[in-house]
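>>> need coordinates for the below:
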Amino acid sequence: MRKGDKLPDVTFKTRVLGEWEDKTTADYFANKRVILFSLPGAFTPTCSTQQLPNYEKMFPEFQELGIDAIYCMSVNDAFVMNAWADNQELRNVQVIPDGSGKFTKDVGMLVTKDNLGFGSRSWRYAVVVDNGVVEAWFGEASQRNEADDDPYEISSPENVIQYCRNRTVEAA
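Next up is the predicted model:
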């Protein structure tokens with residue numbers, strides 16, 4: 001994906017208050033400016049100790065820079081994503097389960113991690129989305145199947161917030 005691309009139209013199978021609820025790409029991204037970041041898996045080390053907690057902590061600053069919501073997506077089912085959100089005590093970041101990997105595949109970020117016993121997973125990335133359209137893309141380098149490495153730099157909240165700050169200064 002790149003700047004100006006429209007996000008794919010996907011239906012996500014979510015669980016809300018113990019009930020199944022279908023949510024679409026439009027439900028999450030229409031008429032708002034958001035950050036979506038995706039990572040290899042719930043409860044995994046870098047995802048649980050750095051990426052998700054830092055986006056959660058930095059949410060108020062992102063809001064000041066015009067971000068309406070922050071979403072964390074992973075190729076995990078709704079039960080796992082909700083349990084992880086509870087475990088992380090999330091108040092600001094919302095989780096999106098891409099259990100089938102359809103959205104991740106459609107944005108070109110689905111990789112196989114069979115070498116680690118993960119199966120199909122998302123490569124790590126972040127994107128600023130304005131009304132369903134990519135404003136800025138932050139994909140980690142070296143995307144490939146069976147990769148042993150798991151880079152985490154480009155998609156960090158610190159990097160994305162720098163983009164948002166620069167954009168705010170340019171608009172002023």
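
>>> C-alpha from now on. contacts and neighbour counts both.
Noted.

>>> report the buried residues of the lengthiest helix in the chain.
Counting residues, the longest helix found in the chain (DSSP state H) is helix 157-171. Buried residues in helix 157-171, counted by 16 or more other C-alpha atoms under 10 Å: Pro157, Val160, Ile161, Cys164, Arg165.

>>> grab the nearest non-local neighbour of the first one.
Ranked by C-alpha to C-alpha, 6 or more residues apart in numbering and with sequence neighbours excluded, the top spatial neighbour of Pro157 is Tyr55, at 5.6 Å.

>>> what about that neighbour, neighbour count?
Using other C-alpha atoms under 10 Å, Tyr55 has 24 neighbouring residues.

>>> for it, give me its contacts.
By C-alpha atoms under 8 Å, 6 or more residues apart in numbering, Tyr55 lies in contact with Ile70, Val93, Pro157.

>>> separation between the residue nearest the centre of the chain and Trp20?
Geometric centre of the chain, nearest residue: Phe37, 2.2 Å, by C-alpha atoms, centre = their mean. As judged by C-alpha to C-alpha, to the nearest Å, Phe37 and Trp20 stand 23 Å apart.

>>> likewise Lys13?
7 Å.

>>> for those two, indicate the residue with more neighbours.
A side-by-side neighbour count of Lys13 and Trp20, using other C-alpha under 10 Å, places Lys13 first with 18 against 11.

>>> confirm that that one sits in a strand.
Yes - Lys13: assigned to a strand according to DSSP: H, G, I helix; E, B strand; the rest coil.

>>> that one and Lys113, how far apart?
From Lys13 to Lys113 the distance is 23 Å (C-alpha to C-alpha).

>>> want to throw the contacts of Tyr55 into a markdown table with pLDDT?
As requested, the contacts of Tyr55 are exported to a markdown table (pLDDT from 0 to 100):
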| residue | pLDDT |
| --- | --- |
| Ile70 | 98 |
| Val93 | 98 |
| Pro157 | 97 |
